[in-house]
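**Student:** need coordinates for the below:
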Amino acid sequence: MEKRAGRIIIQTPGGTAAKGSYTYKLSIPSSWIKEMGLSEDSRQVELFFDGTTISVTKRLSINEYISINKEKMHELFELLFYDGQMLCTKIVADYTEKTVCIENYVDDFIRTAFGNNVIPTWNDYEAFLEDRCIPRSRAGLREYLEAIGVDKYDPLEIIQKTEGRMSEDNQWLKVEEIK
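**Tutor:** Just a heads-up that it's a prediction; the model follows:
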């Protein structure tokens, strides 16, 4: 691991920014950027902050994400989220690492699986699945699960049986395990 000293560049923003606002920038060595596989044509990154450390990683395409995690023999599921017949979001969930990668196919974030959140967490994914299922607290839940052939409340399994269809919208999901 290479380590270098750096300095944060602090500037006052222009435009309609609030009085006393600042922007913060950091220069990263070009050799590191090239080694990460970033370029003018591929400059999307993901930032992670754990309270003390900021990490920067190259944002993987959904195909790169699948390829890397298939090599690791992870349990992967692909979920295609539709609004009517229009594919809106492709979701790949890694059940081994508990991570998610998505690709939106529409600009209208109302129609996408995670709204304007393009880097959902595992918690976001689990909440999304539960939103496409019968509520856990619903009276008669056990009978409902029995009727659709599911042993316990498992949102992914319920969605595989019901396609995540809800009476109040035209959205649904197609689920496949990636082998």
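
**Student:** from now on I want contacts and neighbour counts done on CA atoms only, so please keep to that.
**Tutor:** Fine.

**Student:** tell me the centre residue of this structure?
**Tutor:** The chain has Pro120 as the residue nearest its centroid, 3.2 Å off, counting by C-alpha atoms, centre = their mean.

**Student:** helices of the chain, start to end?
**Tutor:** 30-35, 62-71, 122-131, 141-148, 155-162 (DSSP state H).

**Student:** can I get these in JSON lines with mean pLDDT, distance to Gly15 and mean neighbour count?
**Tutor:** Output for those, formatted as JSON lines (pLDDT from 0 to 100; distance: least, C-alpha to C-alpha, whole Å; neighbours: other C-alpha atoms under 10 Å):
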{"stretch": "helix 30-35", "mean pLDDT": "92", "distance to Gly15": "30", "mean neighbour count": "10"}
{"stretch": "helix 62-71", "mean pLDDT": "96", "distance to Gly15": "36", "mean neighbour count": "14"}
{"stretch": "helix 122-131", "mean pLDDT": "97", "distance to Gly15": "33", "mean neighbour count": "15"}
{"stretch": "helix 141-148", "mean pLDDT": "94", "distance to Gly15": "54", "mean neighbour count": "13"}
{"stretch": "helix 155-162", "mean pLDDT": "96", "distance to Gly15": "46", "mean neighbour count": "18"}
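
**Student:** now render those as CSV, adding distance to Glu103.
**Tutor:** Formatted as CSV, the entries for these read as follows, by distance: least, C-alpha to C-alpha, whole Å:
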stretch, distance to Glu103
helix 30-35, 24
helix 62-71, 7
helix 122-131, 14
helix 141-148, 30
helix 155-162, 19
